[in-house]
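S.K.: sequence and computational prediction follow.
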Protein chains: 2
Amino acid sequence: MNRTLISELSALEDGPVAVAGWVETVRDQKKVQFLVLRDESGAVQLVRPRPEGDDAISLAISGVSLGSFVRVEGQLKHDERVKLGGIEVKVDAFDVVSASLPEQPIAADSSIDKRLDHRFLDLRNPANALIFKVQTTFEHALRVWWVEHGFIEIHTPKLMNSPSESRAELFQVPYFETTAYLSQSPQHFKQMAQAAGFGRIFEIADAFRADPSFTARHATEFTSIDAEMSWIDSHEDVMAMHEAILVAGFQAVVDKHGEEIERLFGITVEVPALPFPRIPLAEALKIVAERGYVVPRADGDLDPEGERRISAYVKEEFGHDFVFVTDYATGIRPFYHMRDADDPTLTKSYDLVYRGTEISTGAQREHRIDVLLDQVADKGLDPEELSSYLEFFRYGVPPHGGFGMGLARVLMLMLERSSIRETTYLFRGPNRLLP
Amino acid sequence: MNRTLISELSALEDGPVAVAGWVETVRDQKKVQFLVLRDESGAVQLVRPRPEGDDAISLAISGVSLGSFVRVEGQLKHDERVKLGGIEVKVDAFDVVSASLPEQPIAADSSIDKRLDHRFLDLRNPANALIFKVQTTFEHALRVWWVEHGFIEIHTPKLMNSPSESRAELFQVPYFETTAYLSQSPQHFKQMAQAAGFGRIFEIADAFRADPSFTARHATEFTSIDAEMSWIDSHEDVMAMHEAILVAGFQAVVDKHGEEIERLFGITVEVPALPFPRIPLAEALKIVAERGYVVPRADGDLDPEGERRISAYVKEEFGHDFVFVTDYATGIRPFYHMRDADDPTLTKSYDLVYRGTEISTGAQREHRIDVLLDQVADKGLDPEELSSYLEFFRYGVPPHGGFGMGLARVLMLMLERSSIRETTYLFRGPNRLLP
């Protein structure tokens, strides 16, 4: 008999079914045995009246360890009294396909580090699995939007001859007779696509930072969502695309998983309204200061507390969870951000802050080689080291811009999880390379 | 005026338009100036009657170097006599947005190495750009199929504590106080998803091999298409999914790009028929030998010439470009392939050969920890080194299987290109880390 997904049982009529999954609970009573069987789609109650003096099936049920994968044939019965979905399966055959060790090494309330040590079990928790169903739906909606708008998907190399962002936090890889660097972002190569005339591109891929921090927002390896587009007038065009894909992603998540998120996390995901609020950085700093917090940084950037405060302000004033903080000062932006023609102390750039945490940086890029060289010099960088990148700009490049966004951060904030460790399939940090 | 993509011009009525792209050719005649302007969607002829004694526009057109990005406003006119699409734009304004150096460093007939040195220009060739539009459509169709069939998208880490496949061809990365390895395939972690009860998963991501070869089929970094599914009966279930996604991918490519592929490459892409032929390896070797080629390998595997010959046979006999070569001998398969219950010298595995080249390996995996440990020992591997992987199997794992497939190889063979260097956005080989 073909296996039926548990989520599809309730639509079937009473009758014979086969289900397969892992044993979540057993209530081994004298007169009747109950189990909860879970698969990737849901959970169902199994029931077996116990025969006098036991038989092979009742003994198998008594002996099965929690977490074991089993295949069960039985009779589906709709019964409103059954709390779990109003259905149960009366067991006719019970096959332990793969037994678990008797002791589960983690519980739902184990420490995050212990849970990550046994991530393959931690992910059996339906709430944790839901995070990756949401991830699937969210990413897919972004890609559908891009594909429908003529974006080309690229896969940029992660092995590079030179740093893509900065000399700091760079993993080095012995590479035959030379040394390669692990890409910190696809910045160089998504800009290359603009020189190549690709027009609009996207990539969802790995990025690496040898970042020694242990915060809830940092990892040494993360999934970066990147897009870049030509013929923009300013970073405003990038923000318009950026908020459009986010709305598409959130809408898809709400449509497909809204109820389950409410049930498992007790929260309601809402589709953000368009347009997202935009506040220039200088104004954001003023607002935050007026509300009693002077950012203790000399460089004029927001700090995490400043980001939380500007988000709180935006939530109060506009009822919005997102805010584009725009027009960052030149001193705190990389050399490739375009500067404002009217005020070269400002860049045509933005950070996207979601519920108090920065999830993305975007900008119009400087495409004029002479200006770019000036900005390289201004930042004290070595043009020789950037020569392969700079070459892209010598044969014509249209005006362009884009953004990079951390997938795990978006999911963490959307689903109100405490750390990207929870929203990354397998977290990598300075002291975590396992499993 | 808003920019119109060149591909959308022919649907417009005569009248004012703005277009933007790069200058592909200039015919600078005495009475009239002609240019071909190309953007990501196509090419259009620009025309400008030359005024007596020239003016700013005619001088700009005379002076523009090929490859420069320009923005043009003008009057769209449908005219059947114009070879290029039956339309032209009469120039009213001509703005050189980003000038190219006057000398193009490559031509269409430059060597592949020289073209790769200037890949950002090489990709302006519409045939080369088409490869990545095809890639976009192909991948998207695969993902749509998977998402519609309940597969979860995962992003596995590329930084690992132990080798994912073999100790050979492994990049090492100094990682804080220890050493990490770059993932050769997501094998461990897509199997982990099965232990986690995810059921069905896919990933399209980077994989790394420190492979010193210089063939047309090898790279040190490549995009791997991976899927894995639970509750299979044998590798046959994996093959059924595998051929279904390929048909979906090819169908989408034919629908969206069939005509352009025919025009630019002079070939017709056909959607393969279902089911793909399946031939056990032992039979394939016999067929090849009967047709005059004895594979000069002691290990009983096919070599590249053998793969070409079995493909030629399948093409002749069944008119099919694909063949699943199945049931590889245990000695030439990794420890994690499940062995045949009736004949443990064979594995429940396959290679997918497309037009004479292997593009994929798939298998049912061994999920029984005791058998798996025997197979680890049988292969002379150190279970200590695999301990993190083996741990996945101690708490129950459903029967499962999957495949990994090289994206660039599929595209190379589909579009009849000579090397994966042509079908990789930026190729990485033992002596290529640039651009």
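M.R.: Structure received.
S.K.: show the pLDDT at A:Pro430.
M.R.: A:Pro430 is assigned 94 on the pLDDT scale.
S.K.: pop out the phi and psi values for it.
M.R.: Backbone torsions of A:Pro430, given as degrees, to the nearest 10, read phi -50, psi -30.
S.K.: how much space between A:Thr345 and A:Val323?
M.R.: Going from A:Thr345 to A:Val323 by CB to CB, to the nearest Å gives 22 Å. (Glycine included, C-beta is placed from N, CA and C.)
S.K.: settle it for me: which of these two has more neighbours?
M.R.: Higher neighbour count among A:Thr345 and A:Val323: A:Val323, with 26 against 11, using other CB atoms under 10 Å in any protein chain shown.
S.K.: ok, that one touching A:Pro277?
M.R.: Yes: using CB atoms under 8 Å, A:Val323 is in contact with A:Pro277, at 4.9 Å.
S.K.: overlap in contacts of these two?
M.R.: Common contact partners of A:Val323 and A:Pro277 (CB atoms under 8 Å, 6 or more residues apart in numbering or on different chains): A:Val314.
S.K.: give me the mean pLDDT for the longest helix seen in chain A.
M.R.: The longest helix of chain A (DSSP state H) is helix A:235-265. Mean per-residue pLDDT for helix A:235-265: 98.
S.K.: and what of stretch A:67-74?
M.R.: 98.
S.K.: can you list contacts of that stretch?
M.R.: By CB under 8 Å, 6+ apart, the residues outside stretch A:67-74 that reach it are A:1, A:3, A:16-23, A:37, A:46, A:64, A:89-100, A:104, A:121, A:124, B:231, B:395-398.
S.K.: just the buried residues from the residues you listed, in PyMOL please.
M.R.: In PyMOL, this line selects whichever of the contacts of stretch A:67-74 come out buried by 16 or more other CB atoms under 10 Å in any protein chain shown:
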select buried, (chain A and resi 3+17+18+19+20+21+22+23+37+46+64+89+91+94+96+97+98+99+100+121+124) or (chain B and resi 231+395+396+397+398)
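S.K.: from the contacts of stretch A:67-74, which ones fall inside strands?
M.R.: Residues from the contacts of stretch A:67-74 lying in strands, with DSSP state E as the criterion: A:16-23, A:37, A:46, A:89-98.
S.K.: these: which ones sit near chain B?
M.R.: Subset of the ones in strands among the contacts of stretch A:67-74 in contact with chain B: A:20-22, A:97-98, counting by CB under 8 Å from any CB of the partner chain.
S.K.: chain B: which of the residues you listed is nearest?
M.R.: When those are compared for distance to chain B (CB to the nearest CB), A:Ser98 comes out closest, at 4.5 Å.
S.K.: so what's the closest one bridging to?
M.R.: Bridge pairing for A:Ser98 (DSSP bridges) gives the partners A:Phe69.
S.K.: dump the residue contacts of it.
M.R.: A:Ser98 touches A:68-69, B:367-368, B:393, B:396-399, counting by CB under 8 Å, 6+ apart.
S.K.: okay, those in CSV with distance to B:His257 next?
M.R.: Below are the contacts of A:Ser98 laid out as CSV (distance: CB to CB, whole Å):
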residue, distance to B:His257
A:Ser68, 48
A:Phe69, 43
B:His367, 40
B:Arg368, 45
B:Phe393, 43
B:Gly396, 45
B:Val397, 40
B:Pro398, 39
B:Pro399, 38
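S.K.: what sits closest to A:Ala312 if chain neighbours are left out?
M.R.: Nearest residue to A:Ala312, sequence neighbours excluded (CB to CB, 6 or more residues apart in numbering or on different chains): A:Gly356, at 7.1 Å.
S.K.: number of nearby residues for that neighbour?
M.R.: By other CB under 10 Å, 19 other residues sit near A:Gly356.
S.K.: and what of the one 10 residues further on?
M.R.: A:Glu366 has 26 neighbouring residues, counting by other CB under 10 Å.
S.K.: which residues does A:Glu110 contact?
M.R.: Residue A:110: Ser, not Glu. Counting by CB under 8 Å, 6+ apart, A:Ser110 makes contact with nothing.
S.K.: coming back round to it: check the contacts of A:Ser98 and tell me the two furthest apart.
M.R.: A:Ser68 and B:Pro399 (13.4 Å; CB to CB).
S.K.: pull up the overlap in contacts between the two.
M.R.: With CB under 8 Å, 6+ apart, A:Ser68 and B:Pro399 have common neighbours A:97-98.
S.K.: what about the strands in the stretch 151-300 of chain A?
M.R.: For the stretch 151-300 of chain A, strands defined by DSSP state E, counting those that start in this stretch occupy the ranges A:152-153, A:159-160, A:172-175, A:178-182, A:200-208, A:221-230, A:278-280.
S.K.: quick check: residues of the stretch 251-400 of chain A near chain B?
M.R.: Applying CB under 8 Å from any CB, one finds that the stretch 251-400 of chain A approaches chain B through A:367-368, A:388-389, A:391-399.
S.K.: one step back: compute the inter-axis angle for the longest helix of chain A and strand A:200-208.
M.R.: In terms of direction (axes from the mean of the first three to the mean of the last three CA atoms, to 10 degrees), helix A:235-265 departs from strand A:200-208 by 60 degrees.
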